[in-house]
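Enquirer: give the three-dimensional model of this entry:
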Amino acid sequence: MAWKQKSTAVFGLALFFAIILFIQMGLYVLNIFNGPIEFFNIFIFCVSLFKPGTFGYYAIEVMVNTYILYSVFIISKKVIKQSVLLRSFRHKIQQRINIHKTSELNETFSRRNNDIVVIHDKELLAFTFGFWKPKIVLSTYLIHMLDSKELEAVIYHETSHQMYYDGLKFFVLQIISEVMWYIPLTKWSYQNYRILVELVADEFAIKRMGSELGLGSALLKLIKNQLKINPSSAPAVVHFADETVDYRLQQLVNPQLTIPVKIQAWSVIFSLNIFVVILFILVIA
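Expert: Numbering: from 1, shown residues only. This is a model prediction of the structure:
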């Protein structure tokens, strides 16, 4: 299975669990405000296991309502925080923009949307940021250090992140893993998606370049330099050189090597048990 197919499968796994959960939440809320619904709802079923008016009934009802409110709170908090950070981050980038270099690179690489931004910075920076219209950000120091082929490889790599909206997907997976913390596979999906999309981006760059030399050379120059961006303050950012470097170097050295998507047996068993229980309840209902 190609890296792109694997990354899509990993993302789809977490999204599958999330869609089921959020639909069930929506039906439960609809039941509260509009009266009984015809569709089965896991939350209503849990509450109905106890006789109305008993302690167990009210306890489960409070737990269900608390969990739904918690989920809404986490999602709202994340969205608001990221929106504020994104606006602040974009403002800082605009303050450091190198207009001449930005125009030059967009023209050189025929970027019709002018989506490459060059900023004045003495650090080696190469990343993609943003949700709906991702931008590729490069520092002047990075451009100065890399030769033309290395720079081209970095831009193609980041173009892959941009094309597939990896920043947005990371954000979605992060929310899912926090809201559905009791299903280990959601956290697993979030962690391993980061590895897979980097391999997808490297593969994209190599195909566009026709060789892995430019990418490998650029990667070797950058891995010894720590990126000076605090992930908590950089919204929807996908770095060129991050913690997935080891996997990427292995793939460059040996393209035939299959990179394992790490997963623990207990995580699968626990997650599947939860899913089977939900399916069983759906069937008997």
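
Enquirer: show me the strands in the stretch 101-250 of the chain, by range?
Expert: 116-119, 126-129, 135-139, 237-239 (DSSP state E, counting those that start in this stretch).

Enquirer: mean confidence (pLDDT) on the shortest one, please.
Expert: Spelled out, that is strand 237-239. The average pLDDT for strand 237-239 rounds to 57.

Enquirer: what of the second one?
Expert: For strand 126-129, the mean per-residue pLDDT is 87.

Enquirer: what do you get for the first one?
Expert: Averaged over strand 116-119, pLDDT sits at 94.

Enquirer: remind me what it packs against, helices and strands.
Expert: helix 55-96, helix 99-108, strand 135-139, helix 140-145 (3 or more C-beta pairs under 8 Å, 6 or more residues apart in numbering; DSSP states H and E). Placement of C-beta: from N, CA and C, glycine included.

Enquirer: and the pLDDT for the residue most central in space within the chain?
Expert: Taking C-alpha atoms, centre = their mean as the criterion, residue 170 is the residue nearest the geometric centre of the chain, at 1.0 Å. In this model, residue 170 is scored at 88, pLDDT.

Enquirer: also residue 204?
Expert: On the pLDDT scale, residue 204 gets 91.

Enquirer: so how far is residue 115 from it?
Expert: 16 Å (C-beta to C-beta, to the nearest Å).

Enquirer: between these two, which is the more surrounded one?
Expert: Between residue 204 and residue 115, counting by other C-beta atoms under 10 Å, residue 204 is the more crowded of the two (21 against 18).

Enquirer: apart from its chain neighbours, what residue comes closest to the more buried one?
Expert: Nearest residue to residue 204 in three dimensions, chain neighbours excluded: residue 160, at 3.9 Å (C-beta to C-beta, 6 or more residues apart in numbering).
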